[in-house]
Structures are given as structure tokens and as C-alpha cells.
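Asks: With the sequence up front, the predicted model follows.
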4 protein chains.
Amino acid sequence: MEQAIPKRKKWIIEAAVAAFAQKGFHLTSMREIAKSAAVAIGTLYHYFDSKEEMLNDILRAEIDVLQRALAEITQSNRSAKEQIDAVLQLCFARLAKDKSLTKLIFCEKVIAHDKFRDNFRSLQDTIISHLQKIITRGIAKGEIARCNPSLVAALIMGAITVMVGKIVDTEESSEGINQHEVAQQLHNLLWQGLTTKLNPAFT
Amino acid sequence: MEQAIPKRKKWIIEAAVAAFAQKGFHLTSMREIAKSAAVAIGTLYHYFDSKEEMLNDILRAEIDVLQRALAEITQSNRSAKEQIDAVLQLCFARLAKDKSLTKLIFCEKVIAHDKFRDNFRSLQDTIISHLQKIITRGIAKGEIARCNPSLVAALIMGAITVMVGKIVDTEESSEGINQHEVAQQLHNLLWQGLTTKLNPAFT
Amino acid sequence: MEQAIPKRKKWIIEAAVAAFAQKGFHLTSMREIAKSAAVAIGTLYHYFDSKEEMLNDILRAEIDVLQRALAEITQSNRSAKEQIDAVLQLCFARLAKDKSLTKLIFCEKVIAHDKFRDNFRSLQDTIISHLQKIITRGIAKGEIARCNPSLVAALIMGAITVMVGKIVDTEESSEGINQHEVAQQLHNLLWQGLTTKLNPAFT
Amino acid sequence: MEQAIPKRKKWIIEAAVAAFAQKGFHLTSMREIAKSAAVAIGTLYHYFDSKEEMLNDILRAEIDVLQRALAEITQSNRSAKEQIDAVLQLCFARLAKDKSLTKLIFCEKVIAHDKFRDNFRSLQDTIISHLQKIITRGIAKGEIARCNPSLVAALIMGAITVMVGKIVDTEESSEGINQHEVAQQLHNLLWQGLTTKLNPAFT
DNA sequence: GATGAATGAGGTTTCATTCAT
DNA sequence: CATGAATGAAACCTCATTCAT
């Protein structure tokens, strides 16, 4: 059984994720996080070594989950199309679960900075490399049209990133972007371009 | 004849652009910029009101150029396909001209922050709205397959952003991403999905 | 029991009062105050929001005491002469208690500046308006010779201010101004001019 | 014939006097003075060695005039009463001529600071010492009631200072303090207290 | 004389982090 | 475990002053 996460650590993580997602890493102070989490500043340092490690720890936990899910998808026997669809679904499921945290994982630029641990690879790069692998194999099997896998992978990643940013930022406004529609459209768009099939009947 | 920009202001801009692009806005100090520009700190404040205004001023000058070019494209009589191609070419031409500055314009997140002037719209949003307009008209004219213009516009923008980030970050390494190839691939990818034409022989 | 003021806050107040009184607000730096109070600069900002608020807070606490004492005097049933005497005694008692702080309260000009909170009225104005009220009633009751209450009030205030300045500035020198004599002389001087006695034909 | 003062120097003096009187020495920058005088910053340093010397020079010129006038009054054969009246008239005449400059001369505290030249004595001290001399002789001649000359001199000075401050600060408001009335009232007040005579017929 | 771009020391203030309670 | 007062390095920015034009 996993050891339970102390309630204070939970509070801190929630407060930090919300603040980082809204104002960014550098414009969020430890004092703000402590206040918003209703704990003392010192308590932050019981659970995290530093401000940077705090972001690092929070992200890594989530990213590990995603990376494991990505690996599972890539290693499966499904077709390239199904695998890419699975990646899209994975991302949008993550978004549905927690918008702020998802924004952090996908968009926060600080995580790529030198100061962070070397063994930390941005999620963007990870997703791109998985997609690249899937596409490469898809081309080899004739499931996907010939293209530069690296570029197409980046293209897909870019689309996901922009979508996440847009959806999170318009959360409070009543613009009401429909996540399911977004996923569907992205799917259609990609597969009209990626499939070798002619598109006689466009839905 | 336009008034010449003082050499020191030029130095400062170059130093600031390089530093902001490499380390980000918050991790770059005015002292570093001054040192790297070989001027005194006070000189920075002779040409710019504050650190934020410095980024603001630098970006706005370039963004204005891009926005005017975008408007010209959108208002032309060309087909939707040609207009979208023109947008892509515009972005990649910008990139070819100055990688650091382009990264700043496309990727720096600070520019969207509240502290910045209200009348400042991020370039991403501008490009997206132009693309959206082009796509909407393209659909009406039957030049483009039916889709959600807002989403497709964001997708294209996402692709551009990721590409720019990737190309700039791999600049020093010898990976040597070929810009022309990137533009070409992106073009192909998009038009296989956007065109209503069947693609009988895709190589 | 009142909550105890932390010793460090006390140190800071003492150091600030001494420095402001000796060199004035603008020529005193936070660094100096911190050093002289034997605390870190950051500690100053733990107890005060800013340099200006520091002066503001220090002054307001003392001024509130004086204002309450002034109100009590003005509302009492005593004669106008006794009330004015009480005001003089109040001022000189304050001076005896703490010369530097008294100088600050009576003489520092910065407190009247726009940057300070609007609800802050200089002690000078407060004393003047109290004196004016006392004099006006004294005239009505025939206890005081006819005069312009506003001007006479200002005159008395001026005398007090100059005295305070002189006494504090000659503190270290051996000129040894006797405070009790000063108060007595000022009393005589005023009442030879303000009383209706002995002046049978004063219009 | 005195050499004519260059127009630019005049502009600078006017701008500086206005700014110093309104905002005080420390809160007025050389840039502001230059701008308000419509000259370049460098020009300020053609006419004055430094910001402090600028205030110094401006004040000294006016103070010299006042000191010479004071000396003339003190050395005259007139009665003590007439001499004190003359001092009051001198001050109020100065005020009528130029309110801002007068406020500076009488009220600006910086001029007493160490950084200023040693041979600079504040006008307050000068007037006080002149008054003290007049009062001492007046007592000896029986023209003035027995009192502590030093204190009474300071009292008179205090009254003048407060009056000047009040009049200048209420200049823009429509409160309309009448200078002539002020002078008259101050005269009356003092002489009812200083004279040994009962005041049968007060002129 | 007149200019104002350039300087850089020094100002106020912030904030991640520590540690005695 | 939890606290928050205390720290001090370093940030942004101001401004009196200089000097080449």
C-alpha cells in the first residue's frame, strides 16, 4: 500500500499548481503559496527542498505517469492510427482531470531551464519522441503517408500544446470550448493528412 | 530618411534579445544585459522605461511589422491556400532573419502577462485570428474542407510555435534542421488535410 | 495586558527616530537604520511596509497620544488660560520624554507630503486648530483679549516649534537651555499679551 | 553697474525656487528643474557647481540682502519697538515680493545640514540673534519688559516662520489670508506682551 | 555657451531560505 | 512536525554629475 500523502503536502501542491499555472513560476512567491495553502513558509521546506524542486517534484510525479502510459501505448500491437489516437486521448484525459496542472506540464517553460536537474526531460520532448517512433513504424508498415516523422511529431505536439493553453485560459470565460469537439477535430484533421487512403466520403 | 537608431540602443536590443531568448525574461537581469551590451546600467534606462517596457518595445516593433504583413496577406485576392502558404513563409522568413528575436516573439510567455499594456495582443492570438478568417472564407468558397476554423487555425499556430522553438534550441548543436524542408513538410501536411481534392498519387 | 513590542522592532524604531531626527528623512538610508539597529535590512520590512510607512507608523502612534490628550484638554471645563497652559505643558512634557522623537513630530516636513496617507494631518495643524478653539471660547467668555484666534494660535505653535528645534539641536552642546525656564517664559510672554487684566482700555 | 544675469540663469533660478518650495530639496531632481526651466541639464552646471550649491547660491543672495537690512535696522538709533516692527515689516515685505523664495529662505531645513558650507548660517539664527540684540538693549533702556531675550527672540522668529508657511501653502486655495492683517495682529500681540506700559491707547 | 547621452554608485525593496522555538 | 521572524544577496531603478559634440 502506498503511504498516504499528508494533507498539508496536498494543500501545498494544490496551491502551488494553481499559482504556477496562473502567474507562472517566477511571479509566484513562496509566501503566496504558503498563504494560499494555509501553512507556514517553513512547512513548504519540510516537503520540498526548494522552490524549483517543488515544481520539479510536482511535475515529475505526473509526468512519470504520462510517460509510463506513453510507453505502454508505443509498445502495444495496435496500428499507428490507433496509437496516435491513444496519445491524443491520453492528453485530453489529463486535461479533463486537472486543467491547471495540465497547463503546467505542457506549457511551463521553466522546466526546460539549466537550473533543473539534468535527468529531467520536458514532457514535450518525450511525447514528440514517442510520436516519432509511432510514425516511423507506421510509414514502414504503409499505414501512414511518407513524411518526416520528426516534423510531423512536432506538429502534433504543437497542436496539443496550443489547445491546452487555449482551453485552460478560456476556462473562466463563458466561451465554452468543447473538449470533445477539439479532440475529434484534431483527429479528423490529422488523419485526412496522414492516411494514405483517398477520402471519398468526408464526414 | 528614417532617423538612425543609436548604436548603443542597437547593442542593448541585441544583448537583451539574446539573453531573453536564451534564459527567459525573469532569469535575465538588467546588469547582465548592460554588461553584455557594454554599456552602463543607466544607459538601459535612457532608452527604455523599465525592464518590462524594454521587452515590450522590442517585441512591439517586430510584431507591428508582422501584423501589417499579415493584414496585407489576408486582404489580398489570393486563394485560401496561397494565403496560408504566405503566412507560413512569413513566419519562416522571420525565423531566418533572426532566430533569437523570433523565438522571443513566438514563445516568450511573459508578453501575455497582466503587467503588460492592455493594448498588447500576443502575436499568437493575432496570427490565429488571421488564419481563422482565411480558413472561414476558404470554406465558404469551397477551397478548404469543412472544419472548425478556430481549431484548425490554432493547430497551424501550434505547429509553427513548436517548430520555431525546436529550430532555435538546436541552433548551436549540429543537428542541422533544414528550415526549407520544415516549411515544405508543413505545407504538404496541412494541404493533404485541408484540400477537398482527392490525393491520388501522394509520394 | 498589551502585547509586547518585539525587541527588534523597538531597536529599529529607536534607530530610525535618532537618524531621522539628526539627518532628516531623505538623508537617512534603510541600510544605515538597519546597521544602527543591529538587524538585517529585511527585518525592517518585516515590521514596516516601506521607509515612508515606517516614519508614518512611528509618528502616528505618538501623534495619536498627543491628539487624544489635546482633545481631553479642549473638552475640559477649565479656563482658557489653564487650557493653553496645559497645551504648553503637554508639549514640553513630550520633549522631556524623548527629544529626537519630539523633534520629528514637531519639525519633520516630510510628513506633510502628498505621498503620505490622506488621513494624516500634521500635528502642527492639529495643535493650531485646538488652540484656535480654546482662544475663540476664551474671547467669548471675556477671558482673553480680542484677537484673531487663528493667528494667535499659529503664533503659539510657531513659538513651540522653534523652541523644540532649538532645544534638541543644542542638546549635545553645553549651552544647557533650561526647559522649565522656557516654558515659564513662554507662559508669561503669552499671558501678558493675552490677558484682559491690567489693560483697561484695550479694544 | 552690476553685470546682467543671463536669462537662462534667471530661468533656472525661478524653476528651482518654485520646485524646491513646492516639493522640497530632496524630492526635486535636476532633470525636473532643467525641464521646467527649458534648458539642458548641462546648462545647470554652467551656472551652479552642484545641486546643493544651487540652493546655497540662491539662498545666500537673498539672505545677504536680508542680513544687510537687518544690520541696518539693528544699528539705527530707533527705539526697540520701532526696530522690532521694522524686522517684521522686512519679513512680510520679502513675503509679498516672492512667496516661494521666501518659504525657501525661512522654512527649508536642508540648508542647516552639515553638507552645506560651514560658513553658512541659517537665516533663522541670524534673525534671532539680531532680535536678541534689540531686545537686550530695549530691556536695558526700559523700553521692554524684563524677559529672557533669547527666548523671546526665538518666539518672534517662530511666529514669523509659521505665518510664512501658512500663507504660502494656502496661496492657491481661496482662503485668502490677508498679509497686512497678519502683520498688524502680530505687532499688537507682541507689544501687548513686551511693553511695560499699560496700554491705555493702543495704536 | 549649450547640449543631453552616458555613467555607475547607491537607493529601496523583494524573496528564497534558515533555524530557534 | 509546524511555525514565522530573521537573514542578506541581489533585483530594479534613480539621479547627480561628466564630457564629447
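Replies: Now that the structure is in, tell me what you want to look at.
Asks: Can you name the residues of chain A that neighbour DNA strand E?
Replies: A:28-31, A:41-42, A:44-45, A:50-52 (CB under 7 Å from any atom of the strand). All C-beta spots, glycine's among them, are computed from the backbone N, C-alpha and C.
Asks: Per the annotation, how does chain A divide into domains?
Replies: Domain assignment for chain A by automatic domain parsing gives A:1-49, A:59-202.
Asks: can the shortest one be found next to chain B?
Replies: Yes - Domain A:1-49 reaches chain B (CB under 8 Å from any CB of the partner chain) through A:23-24, A:26-27.
Asks: what pLDDT, on average, does that domain get?
Replies: If you average the pLDDT over domain A:1-49, you get 92.
Asks: Next, see if that domain gets close to chain C.
Replies: No - with CB under 8 Å from any CB as the criterion, chain C is not reached by domain A:1-49; the gap is at least 11.7 Å.
Asks: quick check, distance from that domain to the centre of its chain.
Replies: Distance of domain A:1-49 from the chain centroid (CA atoms, centre = their mean, to the nearest Å) equals 20 Å.
Asks: hmm, that domain in reach of DNA strand F?
Replies: Yes - Domain A:1-49 lies within reach of DNA strand F by CB under 7 Å from any atom of the strand, at A:6, A:8, A:39-43, A:45-46.
Asks: Mind naming the longest helix for chain A?
Replies: helix A:51-75 (DSSP state H).
Asks: Which of the residues in that helix are classified as buried?
Replies: By 16 or more other CB atoms under 10 Å in any protein chain shown, the buried positions in helix A:51-75 come out as A:51-52, A:54-56, A:58-60, A:62-63, A:66-67, A:69-70, A:73-74.
Asks: who's in contact with that helix?
Replies: By CB atoms under 8 Å, 6 or more residues apart in numbering or on different chains, the residues outside helix A:51-75 that reach it are A:12-13, A:16-17, A:20, A:25, A:30, A:44, A:47-48, A:83, A:86-87, A:90, A:94, A:101, A:104-105, A:108, A:110-111, A:115-117, A:120, A:123, A:126-127, A:130, A:133-134.
Asks: Next step: those residues restricted to helices.
Replies: Counting by DSSP H, the contacts of helix A:51-75 place A:12-13, A:16-17, A:20, A:30, A:44, A:47, A:83, A:86-87, A:90, A:94, A:101, A:104-105, A:123, A:126-127, A:130, A:133-134 in helices.
Asks: Now, of those residues, which are buried?
Replies: Buried, going by 16+ other CB under 10 Å: A:12-13, A:16-17, A:20, A:44, A:47, A:83, A:86-87, A:90, A:94, A:101, A:104-105, A:123, A:126-127, A:130, A:133-134, out of those.
Asks: In this structure residue A:33 contacts residue A:16, no?
Replies: Yes - between residue A:33 and residue A:16 there is a contact under CB atoms under 8 Å: 5.0 Å.
Asks: Who are the contact partners of residue A:100?
Replies: By CB under 8 Å, 6+ apart, the residues touching residue A:100 are A:17-18, A:20-22, A:168.
Asks: how about CSV for those, with distance to residue D:154 added?
Replies: Converted to CSV, the contacts of residue A:100 look like this (distance: CB to CB, whole Å):
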residue, distance to residue D:154
A:17, 67
A:18, 64
A:20, 63
A:21, 66
A:22, 62
A:168, 71
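Asks: with these in mind, which one is nearest to residue A:141?
Replies: Residue A:141 has its nearest neighbour among these in residue A:168, at 35.9 Å by CB to CB.
Asks: Quickly find the element holding that closest one.
Replies: Assigned by DSSP states H and E, residue A:168 belongs to helix A:149-169.
Asks: Which strands or helices does that helix pack on?
Replies: helix A:80-97, helix A:99-107, helix A:123-140, helix A:179-194, helix B:149-169, helix B:179-194 (3 or more CB pairs under 8 Å, 6 or more residues apart in numbering or on different chains; DSSP states H and E).
Asks: out of everything not next to it in sequence, what's closest to the closest residue to chain C within chain A?
Replies: Nearest residue of chain A to chain C: residue A:31, at 11.7 Å (CB to the nearest CB). Nearest-residue entry for residue A:31: residue A:41, 6.3 Å, with adjacent residues in sequence omitted and distances by CB to CB, 6 or more residues apart in numbering or on different chains.
Asks: who are the neighbours in contact with that neighbour?
Replies: A:30-31, A:34.
Asks: same check, this time on residue A:169
Replies: Contacts of residue A:169 (CB under 8 Å, 6+ apart): none.
Asks: what do you get for residue A:162?
Replies: B:124, B:154-155, B:157-158, B:161.
Asks: so can I have a markdown table of those showing pLDDT and neighbour count?
Replies: Below are the contacts of residue A:162 laid out as a markdown table (pLDDT from 0 to 100; neighbours: other CB atoms under 10 Å in any protein chain shown):
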| residue | pLDDT | neighbour count |
| --- | --- | --- |
| B:124 | 82 | 21 |
| B:154 | 82 | 29 |
| B:155 | 80 | 28 |
| B:157 | 86 | 28 |
| B:158 | 85 | 26 |
| B:161 | 85 | 24 |
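Asks: for the residues of chain A next to DNA strand E, which one is nearest residue D:184?
Replies: Among the residues of chain A next to DNA strand E, residue A:31 lies closest to residue D:184 (CB to CB), at 61.3 Å.
Asks: count of neighbours near that closest one?
Replies: 10 (other CB atoms under 10 Å in any protein chain shown).
Asks: Kindly report the residues of chain A close to chain D.
Replies: Going by CB under 8 Å from any CB, none of the residues of chain A are near chain D.
Asks: most packed of the domains of chain A?
Replies: Across the domains of chain A, the average number of neighbours (mean count of other CB atoms under 10 Å in any protein chain shown) peaks for domain A:59-202, which reaches a mean of 18.
Asks: Any idea how far it is from the middle of the chain?
Replies: Computed by CA atoms, centre = their mean, the separation of domain A:59-202 from the middle of its chain amounts to 8 Å.
Asks: so, in contact with DNA strand F or not, that domain?
Replies: No - judged by CB under 7 Å from any atom of the strand, domain A:59-202 makes no contact with DNA strand F; its nearest approach is 12.7 Å.
Asks: So, low pLDDT: which residues of chain A?
Replies: A:1-3, A:111-121, A:170-178, A:193-203 (pLDDT under 70).
Asks: center of it, which residue is that?
Replies: residue A:106 (4.2 Å; CA atoms, centre = their mean).
Asks: Enumerate every residue touching the closest residue in space to that residue that isn't next to it in sequence.
Replies: Spatially, and ignoring its direct neighbours in sequence, residue A:106 is nearest to residue A:164 (4.7 Å; CB to CB, 6+ apart). Residues in contact with residue A:164 (CB under 8 Å, 6+ apart) are A:91, A:95, A:102-103, A:106-107.
Asks: can I get those in TSV with distance to residue B:150?
Replies: Below are the contacts of residue A:164 laid out as TSV (distance: CB to CB, whole Å):
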residue	distance to residue B:150
A:91	19
A:95	17
A:102	20
A:103	19
A:106	19
A:107	19
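Asks: and which of those residues is nearest chain D?
Replies: Minimum distance to chain D across the contacts of residue A:164 is 42.5 Å, recorded for residue A:107 (CB to the nearest CB).
Asks: For the closest one, give its distance to chain B.
Replies: According to CB to the nearest CB, to the nearest Å, residue A:107 and chain B sit 8 Å apart.
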